[in-house]
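> Pasted the sequence and its predicted model underneath.
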Amino acid sequence: MKERFKRYLEEQFRHIAPTQAAMEYRKSMLTKMLDREHELRIKGVADDDLIYNMVIGELGDFENTLHDFENNTVKKEIVRRVSVLGTLTAVGYVFLLTLVYIIVGCVAKIWHPTWFILVGGILVGLTALSAYSSVKSVKKKWYNALRLFAAIGTVLLSTFVFLLLQVVLKLTGSWLTFLAMVAVLAGVDVTISFATKSKIKWFELPIFVELFCVMLYVILGISLSMYGINIWHPAWILCLGGFVAAICEAVLFSSGKERVKAKKTTAVDESYWTEWDD
């Protein structure tokens, strides 16, 4: 019986690639088939042909099972190779940045702010990784993950811009970048909500409008005050304008919902009057 099982498995496994994983799977299948044969004999089944047919029949569409096994094995191998390649690429990228930093530091005898080459490069790399993860999330429709990766990318990019302005260009008030980051985070999230047709998009939009106006008011007020220009009054109208715009958007959204509801009610009433049994 064992030889019959072997011949069957050898014939079936010729339909897939001869990999190490396939060989191990073939050996494990033989063990399972022999165990099943032993169980049937204990239960009183003595006919070899009957046992063989019962064991083979319990395998179902084994050829399709093998193809599924091969596809899963290939996918796992691809994931493994991509992981290894990604790790090597990241290590190589950091090594290259470190090498450039050391060369510039040794040649120019300037170690500050040339360290920005290393730190800034890492921030750019992480931002690119977040953007790649966002694209993958869109393809798989993982919208919560998309929001997370987009937020992480925004924070990393904002940090890069801050360091560039503060360390390299030495601009006063570069910390305002983080205030702008708050508005950008909200804007990115609202954009994702509309792009993915989220149910909360109309609730997020007025919050973003008001937040954007407040951040713009604060940034302009602080920036211009550094040059002796005071616009705190009447620039506060920006905040009020954002609030009014948010209220108008909420009213328009509510009225739109009521119009849709009215149309549905009209359709129901019309179907009521035109519906017959015959």
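Looks like it arrived, so ask away.
> remind me which residues of the stretch 1-150 of the chain are low pLDDT?
Using pLDDT under 70 as the threshold, the predicted model of the stretch 1-150 of the chain has no low-confidence range.
> what about Y132, distance to L97?
Distance, Y132 to L97, using CB to CB, to the nearest Å: 18 Å. C-beta: built from backbone N, CA, C; applies to glycine.
> ditto for A145
Going from A145 to L97 by CB to CB gives 28 Å.
> so what does the helix or strand containing S158 touch, helix or strand wise?
Secondary structure from DSSP states H and E places S158 in helix 143-163. The criterion is 3 or more CB pairs under 8 Å, 6 or more residues apart in numbering; DSSP states H and E, and the helices and strands that helix 143-163 contacts are helix 115-140, helix 176-195.
> Dump those to TSV, plus distance to K170 and mean neighbour count.
Below are these laid out as TSV (distance: least, CB to CB, whole Å; neighbours: other CB atoms under 10 Å):
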stretch	distance to K170	mean neighbour count
helix 115-140	12	16
helix 176-195	14	17
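> Switch these over to CSV; also include distance to N64.
Written out in CSV, the entries for the helices and strands packed on helix 143-163 read as follows (distance: least, CB to CB, whole Å):
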stretch, distance to N64
helix 115-140, 25
helix 176-195, 38
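> how close does the residue nearest to L34 when sequence neighbours are not counted sit to S158?
What sits nearest to L34 in space, not counting adjacent residues and going by CB to CB, 6 or more residues apart in numbering, is K2, at 6.3 Å. For K2, the distance to S158 equals 67 Å [CB to CB].
> Who has more neighbours out of those two?
Regarding K2 and S158, a neighbour count based on other CB atoms under 10 Å identifies S158 as having more, with 20 against 10.
> surely K2 meets D35?
No: taking contact to mean CB atoms under 8 Å, the distance of 11.7 Å between K2 and D35 leaves them out of contact.
> How far does the helix holding S158 sit from its chain's centre?
The offset between the C-alpha centroid of helix 143-163 and the centroid of the whole chain comes to 12 Å, using CA atoms, centre = their mean, to the nearest Å.
> now stretch 32-50
Using CA atoms, centre = their mean, the distance from the centre of stretch 32-50 to the centre of the chain it belongs to is 50 Å.
> Pull out the buried positions in that stretch.
Taking 16 or more other CB atoms under 10 Å as the neighbour-count basis, stretch 32-50 is seen to contain the buried residues M33, R36, E37, L40.
> got the contact list for it?
Outside of stretch 32-50, the residues that reach it under the criterion CB atoms under 8 Å, 6 or more residues apart in numbering are M1, K2, F5, L9, I51, M54, V55, E58.
> got CSV for those residues, with distance to V190 too?
Putting the contacts of stretch 32-50 into CSV (distance: CB to CB, whole Å) gives the following:
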residue, distance to V190
M1, 68
K2, 66
F5, 62
L9, 58
I51, 66
M54, 62
V55, 60
E58, 56
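> burial of the closest residue to A17 other than its chain neighbours, as a residue count?
Leaving aside its chain neighbours, A17 sits nearest to E70 (6.3 Å; criterion: CB to CB, 6+ apart). If you count neighbours by other CB under 10 Å, E70 ends up with 18.
> shouldn't E70 be in contact with A22?
Yes: assessed by CB under 8 Å, E70 is found in contact with A22 at 7.2 Å.
> So for those two, which residues contact both of them?
Shared contacts of E70 and A22, defined by CB under 8 Å, 6+ apart, comprise I16.
> The buried residues of stretch 32-50 into CSV, with extra columns for distance to L126 and secondary structure?
Conversion of the buried residues of stretch 32-50 to CSV gives the following (distance: CB to CB, whole Å; DSSP: H, G, I helix; E, B strand; the rest coil):
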residue, distance to L126, secondary structure
M33, 51, helix
R36, 53, helix
E37, 57, helix
L40, 59, helix
